[in-house]
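Engineer: predicted coordinates and the sequence they were generated for:
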Amino acid sequence: MNLDWLDAFLITGLFQVVMVIGLALLLHLQLGLTRIANFGVVGFWGLGMYAFGVLYVKVDWAFGEPWQFLVCAAAATVVAGLAGLLVGWLIADLNTDGVLVGTLGFATAVQILATTQDDLTGGARGMGGLGFPYDIGRVKDNEFLWLVITAAVVVAILMYAWRVHRSPYGRLLIAVGGNEPLARSLGKSTFRAKLWLFAVGSAGMGLLGAMNGVMVHYLDVGNIGVGVTLAAMVGLILGGTARVWGAVVGVILTVGLFDIVIQSYLPLPKEWYTQAIPVLREAAFGLTLMIVLLFRPLGLLGDMRRDKLMGKIHGR
Amino acid sequence: MVADVVDAVALARPRIRVQGAVKSFSGRVVVEVDDLVLGDRPIEGLIGPNGAGKTTLMRMIMHSTPLDRGRISLLPADGGDVVLSSLPAHRMARHGVVKSNQVIMDFDKLTIWDSLLLAVAEARYEQPHRIFSERPVFRRHEDEIRHHLDFFGFADPTAFAMSAGEKKLLDIVRCLLLRPTFLLLDEPTAGLPDELTEKVMTVVRDVAATGTSVVIVEHDLNVIWSLCDEVLFMAEGKVILRGDPPSIRANRTVVEKYLGEGHV
Amino acid sequence: MDLDFITQSLVIGLTENAPLVLAAIGFALLYRLTGLINVAYSETITLGAYFGMWLNTTYGLDFYTILIPTGLLTGLLSVATYLAIFRPAKRRNVGTLEMIIVSFGLSIFLRHGLQFVFGYPVRFYDVPPPDTIMILGVGVTSFRLLAVASVALLSLLLWVFIQRSRYGLQIRALANDEDLAQVSGIRPLAVTTLIWFVAGVAGGLAGAFYGVGSNVSALLGWRQFLLILMVALVGGSWGLGGVILVGVGTSVALAAMALQFDQSLYAQLVLIVAFVVVLKVRGTRLTETAKV
């Protein structure tokens, strides 16, 4: 397949967009529906990435690809899910302030551990040795295939979120997010609902982290900072926290704008790209968060249309 | 013979026992109930001036407000003893203890269908992997829900409950769908037009006739006199009087002192 | 555990981390009196460091001279963020959760925006090496001692102000019940502005102390934020004294663990776990819903 027309930067940019959409979709379930202020998205993502990396590189696997990848990715997903269970258990009966501390604390802890356990993770020096679980030709071909695979995973997450809206589980999450005491008075175990949501969401984030590790080949503790959480959050909020497609629209307009359009297609002076553009990107994201929440809190796509949804599923 | 059967039926009602229950807010004692049993009669009314502690007592029973001291237990119709005051709030419904809200409580983002399907959905369907369970839940409960919708006149259940009255009714229907054995109603007819008040009363009578114990807090005394088999009068945190409606009604001094001339 | 270790931990903890206590006081002031968790407070600290550095390097003023103007500048900045962002947000009925996200957005915006003003590279104060004084066998710089003195002084001033003065009474009334306070003739805008100003001063001074002791970078405040947040949340429920106590305790613990593990990151990790456990254990008491 002739991919000469496809710029390498474009593939990287598209991958970023797809990755952040995946994170934003999972955050949509936690923040948008259930109103859990997860400021630690990068913690679960990073934990998945590093768990995958360490297992992949440090363990002498008896079998080859793609089993090595599958086993390590599955393990990374489980590790992230267990972390989500732990953190979820800690925060499920705390108020918003407590959730902030718990999630932010977790993400910070992950970054600290990745830095200090440098025999395992390479610490500040970084860790290489990851690769694609296949080899179909040039680097660009491999990257493109991985982009497609990751996109497929994110589409699966999208479909899951879409189905959640149309199921009793989603209804429960919305109820918990809207009026938790009332939901409890109906006999719902809101603690358990939040706990399992967090575990499942974190597992998903961990899997995405593992897939990111494969793409970047080289892990760096500098990449698991709050910027990743920010990107997911601003995309979700700009597009619309309450809508499944909000994550998609918002991330395309933020990460897509900077990592594809500005990165590849705007004829800007080259020296801007080292520092000015990345700094501008973060500043713009921060500004977007403020502006959206002040002037159009439900984002571009607005509120859920559950009346239409109920009409469609159940008729009058 | 018939009398024995009637007595036997009359005995098998769930009851709630409140023992030594005390609750204070900011140093002020709001509820102080030594020994109270609710549920011996099918429909019991709880009246009293504002601030008497009626709603707080209800919340203590539901354990949404923790007790400072004391014990509240459920004595189910078929025997046993469940200490409600040591259960978490979400376990109440499992034991059939359900309460409607005095203050309008609703899920803003959920439609009427949503709200009611939420109430009836069993826990096993509300799990992260059950993303195709909407159809089965709907099919199991559609008739039951439609019965209530039609009875109360909800024209379009795919819409959101808009008016205060609609939200109040929705709250009550949610409670009914939980199949309560002990139903607490906190000012269920407040703000409702007469026809709907009548419907609420009908529903309460029906539910009580099937063996559910009902305790209803009301300021609308017409509802109390016509509905209740027994009335309790509460003031300053304590249950002061207890008796059938005529005798409470006749106790002019206390009632007048607190509720004013016009009510008797 | 030998005496040397204890005295070292105490002295280093108190002096090196005094800015932490100062910052925690300012943050807790805002949190307890307005209910807001202001993530952008970390940038108040960062900008305090930058303003001080700027005054120092541009006008050749020594460190002691720039302190007061720096405090004033960050105080004003803090007020500006209140008037431009947080107050309008409140009037638009932005909820608690969304407010935190707004403050997060502001934090990110300031953290990166400032680099267009002050440049991308790390900056430094231009000050002669400070005198070193021996305290209980540990060398302490005069800057650090000044930091401790400032913390003590500011805490005392704040305590007297809040507990005794007329304005302090108004602040406390406002914190308890805004409607009632307004009816009693207290002007919420004036009093709230004052709170934001004082919090800004505390944060800015903390930043200046942090900056002069090491370097000035855009991440300076954010690095401390989690710790400040935890100290304020855990200590704040016992008032100003609680924040100081927990802050001092945390400072000493940090120093002790850094000495023990020879790695300050582990100290942070232990503290994160400790604070989260405390919040969890305490947490179940906080959710007394009682609305259903």
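Structural biologist: It's in.

Engineer: how about chain B: which residue is closest to chain C?
Structural biologist: Closest approach between chain B and chain C, counting by C-beta to the nearest C-beta: residue B:65, at 4.3 Å. For glycine as for every other residue, the C-beta is placed from the backbone atoms N, C-alpha and C.

Engineer: okay, now that residue: neighbour count?
Structural biologist: Applying other C-beta atoms under 10 Å in any protein chain shown, we find 23 residues neighbouring residue B:65.

Engineer: now the one 3 residues further on
Structural biologist: Applying the criterion other C-beta under 10 Å, we find 15 residues in the vicinity of residue B:68.

Engineer: which residues touch it?
Structural biologist: The contact partners of residue B:68, taken as C-beta atoms under 8 Å, 6 or more residues apart in numbering or on different chains, are B:22-24.

Engineer: does stretch B:178-186 reach chain C?
Structural biologist: No - if you take C-beta under 8 Å from any C-beta of the partner chain as the test, stretch B:178-186 misses chain C, and the best it gets is 9.7 Å.

Engineer: can you list phi and psi of the residue lying closest to residue A:218 once chain neighbours are set aside for me?
Structural biologist: Distances taken as C-beta to C-beta, 6 or more residues apart in numbering or on different chains put residue A:128 closest to residue A:218, at 4.6 Å, once the chain neighbours are dropped. Main-chain dihedrals, residue A:128, degrees, to the nearest 10: phi -110, psi -170.

Engineer: which pLDDT value belongs to residue A:128?
Structural biologist: At residue A:128, the predicted lDDT confidence score is 85.

Engineer: for it, what are its contacts?
Structural biologist: Contacts of residue A:128 (C-beta under 8 Å, 6+ apart): A:57, A:122, A:217-219.

Engineer: ok, which pair from those is furthest apart?
Structural biologist: Farthest apart among those by C-beta to C-beta are A:122 and A:217. That separation is 12.8 Å.

Engineer: more crowded one of the two?
Structural biologist: residue A:122 (22 against 14).

Engineer: neighbours of the nearest residue to the more buried one once chain neighbours are set aside, just the number please.
Structural biologist: Closest residue in space to residue A:122, ignoring its immediate chain neighbours: residue A:219 at 6.9 Å, by C-beta to C-beta, 6+ apart. By other C-beta under 10 Å, 26 other residues sit near residue A:219.

Engineer: low-confidence bits of the chain, can you list those?
Structural biologist: Since no chain was named, I'll use chain A. Applying pLDDT under 70 to chain A flags residues A:1-6, A:316.

Engineer: sorry, I should have been clearer: chain B.
Structural biologist: Using pLDDT under 70, chain B drops low at B:1-11, B:252-264.

Engineer: interface residues of it facing chain C?
Structural biologist: For chain B, the residues in contact with chain C (C-beta under 8 Å from any C-beta) are B:59, B:62, B:64-66, B:89, B:99, B:101, B:103, B:105.

Engineer: ok, which stretches of chain B are helices?
Structural biologist: B:2-11, B:54-61, B:112-120, B:134-152, B:164-177, B:194-209, B:221-227, B:245-250, B:252-259 (DSSP state H).

Engineer: mind checking which of the ones you listed is nearest residue A:211?
Structural biologist: Judged by C-beta to C-beta, the one of the helices of chain B that comes nearest to residue A:211 is helix B:134-152, at 30.6 Å.

Engineer: quick one: residue A:195 and residue A:86 touch, right?
Structural biologist: No - with contact defined as C-beta atoms under 8 Å, residue A:195 does not reach residue A:86; the gap is 9.9 Å.

Engineer: residue A:80: neighbour count?
Structural biologist: By other C-beta under 10 Å, 31 other residues sit near residue A:80.

Engineer: quick check: phi and psi at it.
Structural biologist: With angles defined as degrees, to the nearest 10, residue A:80 sits at phi -60, psi -40.

Engineer: repeat for residue A:30
Structural biologist: Torsion angles, degrees, to the nearest 10, at residue A:30: phi -80, psi -50.

Engineer: I'd say it and residue A:38 touch.
Structural biologist: Yes - assessed by C-beta under 8 Å, residue A:30 is found in contact with residue A:38 at 4.9 Å.

Engineer: who has more neighbours out of these two?
Structural biologist: For residue A:30 and residue A:38, the more surrounded residue by other C-beta under 10 Å is residue A:38, and the numbers stand at 31 against 27.

Engineer: quick one: contacts for the more buried one?
Structural biologist: A:27, A:30-31, A:99, A:103, A:198, A:201.

Engineer: tell me the secondary structure at it.
Structural biologist: Following DSSP: H, G, I helix; E, B strand; the rest coil, the label given to residue A:38 is coil.

Engineer: for chain C, see how far away it is.
Structural biologist: From residue A:38 over to chain C the distance is 11 Å, taken as C-beta to the nearest C-beta, to the nearest Å.

Engineer: residue A:83: neighbour count?
Structural biologist: Residue A:83, neighbours per other C-beta under 10 Å, totals 25.

Engineer: touching chain B at all, the helix or strand hosting it?
Structural biologist: Per DSSP states H and E: residue A:83 is located in helix A:67-91. No - using C-beta under 8 Å from any C-beta, helix A:67-91 stays clear of chain B, coming no nearer than 11.1 Å.

Engineer: and the strands in the stretch 51-200 of chain C?
Structural biologist: Under the criterion DSSP state E, counting those that start in this stretch, strands of the stretch 51-200 of chain C are mapped to C:132-135, C:138-141.

Engineer: so for the first one, what's the average pLDDT?
Structural biologist: Mean per-residue pLDDT for strand C:132-135: 84.

Engineer: kindly report the residues of the stretch 101-250 of chain A close to chain B.
Structural biologist: A:160, A:163-164, A:166-169, A:171-172, A:174-175, A:177-179, A:181-190, A:193, A:196-197, A:200, A:242.

Engineer: let's have the helices of chain B in JSON lines, adding mean neighbour count.
Structural biologist: Below are the helices of chain B laid out as JSON lines (neighbours: other C-beta atoms under 10 Å in any protein chain shown):
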{"stretch": "helix B:2-11", "mean neighbour count": "9"}
{"stretch": "helix B:54-61", "mean neighbour count": "24"}
{"stretch": "helix B:112-120", "mean neighbour count": "24"}
{"stretch": "helix B:134-152", "mean neighbour count": "15"}
{"stretch": "helix B:164-177", "mean neighbour count": "22"}
{"stretch": "helix B:194-209", "mean neighbour count": "16"}
{"stretch": "helix B:221-227", "mean neighbour count": "18"}
{"stretch": "helix B:245-250", "mean neighbour count": "14"}
{"stretch": "helix B:252-259", "mean neighbour count": "14"}
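
Engineer: for residue C:38, see how far away the residue of the stretch 51-200 of chain A found nearest chain B is.
Structural biologist: Using C-beta to the nearest C-beta, the single residue of the stretch 51-200 of chain A nearest to chain B is residue A:187, 2.8 Å away. Look at residue A:187 and residue C:38: by C-beta to C-beta, to the nearest Å, they are 38 Å apart.
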